[in-house]
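# Curious how this folds, go ahead:
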Amino acid sequence: MPTKWIYELQELGQEHSDLVGKKCANLGEMAKIGLRVPPGFALTLEAYEDFFAMSGTGEEIRQRIDNFGAIETIQQYNDLSKALQEVIYTKAFPTEMKELLLDRYRQLGQSCGIENVAVATRSAGAKSHPGQYETHLNVRGEADYLDKVKMVWASSFNPRSLSARKSRGLPLESDPIGVAVLKMANARSAGVLFTADPNTGDRSKMIIESNWGLGESVVGGQSMPDVFILDKETLKPLEKKLGSKKYLVRFMDIGVVEEETPDEMRDQYSLNDAELSEIGRLGKMLEAHFDVPQDTEWAIDQDFDFPNNVILLQTRPEIIAKQKAPVDQVLDMMGSQFGF
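Residues are numbered from 1 along each chain as shown. Just a heads-up that it's a prediction; the model follows:
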């Protein structure tokens, strides 16, 4: 019997990174200091470990790795990744775990007044590895939700994750991660905030990148977003750059789709000055609380009125480009060249 597989966000703080992963811990910390975050809950790293142990996944993965042999080429990483992820997809949840996960999903729907509530399942490593693990958006219904939890866990065996562990001399057979299960924001616009210039480290300015729809088009780099430079003291825009915003990401019945942005929306800024100021204000609160510049994802939820429509989805310490560790620079290069 586990100590605990699931925590409410309000039970968590930044000291719980090793329990639920940094993303979940930071969301709990944000909720604790009164910032607006989506309702939801966190699956612990222990849930990952217990699923692997109780379902036989861990033992089969160890056998697959032992039988695979040397891993040197990109194709070998891809082949091993596919084989290991398939092991996870085909394993059933232990009955006790499945019942608990479903019960908590139903409770979230009841608290939101929505049956089969749409959620995002977001990976949460004990250490921050932006872009290394998977996020799934607009997950709706019990079967889809359970599948996507396993897919998040399986992303700890994607080629980039395997390569990162091998380069750091870590075991390939396990990399426990938490999962944040959050009600989807009905995003009119979304994007990222850097509370310092990510290229120079200038802490007198804040950078906001924004697009229509969900923020995946911004964080994934699929579309040239609007860019706003704010004076951190006054929260007034110093510069605005209208992005081409050729593509946006929006909801489907289940999942999301990338499609071309209507011409009239490409020609409009995706944020107004009041929204810019509110995003900046929340960013200043985060930076002051965590005592380092922050890289924060946000959304404008069209189900609420301003300023309650400005929702924070996650935050992490900002990495200034010139301060990236050499191993991370190499992994970024591999990712861009080979699609990791």
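
# Could you tell me the end-to-end distance of stretch 205-223?
Chord length of stretch 205-223, first to last residue, is 23 Å (C-alpha to C-alpha, to the nearest Å).

# Then stretch 236-255?
Terminal residues of stretch 236-255 lie 36 Å apart, using C-alpha to C-alpha.

# ok, now stretch 298-318?
Using C-alpha to C-alpha, first and last residues of stretch 298-318 are 15 Å apart.

# what distance separates it from the middle of the whole chain?
14 Å (C-alpha atoms, centre = their mean, to the nearest Å).

# Also stretch 51-65?
26 Å.

# Can you point out the buried residues in it?
51, 52, 54, 55, 57, 58, 60, 61, 64, 65 (16 or more other C-beta atoms under 10 Å). C-beta: built from backbone N, CA, C; applies to glycine.

# Give me the residues contacting it.
Stretch 51-65 has contacts (C-beta atoms under 8 Å, 6 or more residues apart in numbering) with 80, 83-84, 87-88, 91-94, 97, 153, 157, 172-174.

# repeat that for 6 Å
83, 84, 87, 88, 91, 94, 172, 173 (C-beta atoms under 6 Å, 6 or more residues apart in numbering).

# Return the member of the residues you listed nearest to residue 10.
Comparing the contacts of stretch 51-65 against residue 10 with C-beta to C-beta places residue 94 closest, at 27.1 Å.

# Would you quantify the distance from residue 204 to residue 285?
17 Å (C-beta to C-beta, to the nearest Å).

# Over to residue 234?
Taking C-beta to C-beta as the measure, residue 234 falls 16 Å from residue 285.

# For these two, indicate the residue with more neighbours.
The residue with more neighbours, out of residue 234 and residue 285, is residue 285; 17 against 10, by other C-beta atoms under 10 Å.

# Run through the residues that contact residue 48.
With contact taken as C-beta under 6 Å, 6+ apart, residue 48 is in contact with 153, 176.

# Pop out the phi and psi values for it.
Dihedral angles of residue 48 (phi, psi; degrees, to the nearest 10) stand at phi -60, psi -50.

# Please apply the same query to the one 3 residues further on.
The main-chain torsion angles of residue 51 are listed as degrees, to the nearest 10 and equal phi -60, psi -50.

# Residue 274 looks like it's in a strand, true?
No. Counting by DSSP: H, G, I helix; E, B strand; the rest coil, residue 274 is not found in a strand; it is helix.

# Residue 36 versus the nearest residue to it once chain neighbours are set aside, what's the distance?
Closest residue to residue 274 apart from its sequence neighbours, by C-beta to C-beta, 6 or more residues apart in numbering: residue 306 at 6.3 Å. According to C-beta to C-beta, residue 306 stands 12 Å off from residue 36.

# More neighbours: which of the two?
Remark: of residue 306 and residue 36, residue 36 carries more neighbours, 18 against 11, as counted by other C-beta under 10 Å.

# correct me, but the more buried one touches residue 313?
No. Between residue 36 and residue 313 there is no contact under C-beta atoms under 6 Å: 10.1 Å.

# export the buried residues of stretch 51-65 to a markdown table and tack on pLDDT?
Converted to a markdown table, those look like this (pLDDT from 0 to 100):
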| residue | pLDDT |
| --- | --- |
| 51 | 98 |
| 52 | 97 |
| 54 | 97 |
| 55 | 97 |
| 57 | 97 |
| 58 | 97 |
| 60 | 97 |
| 61 | 97 |
| 64 | 96 |
| 65 | 96 |
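
# Show me which pair in those residues is furthest apart.
Maximum pairwise distance among the buried residues of stretch 51-65 (C-beta to C-beta): 19.8 Å, between 54 and 65.
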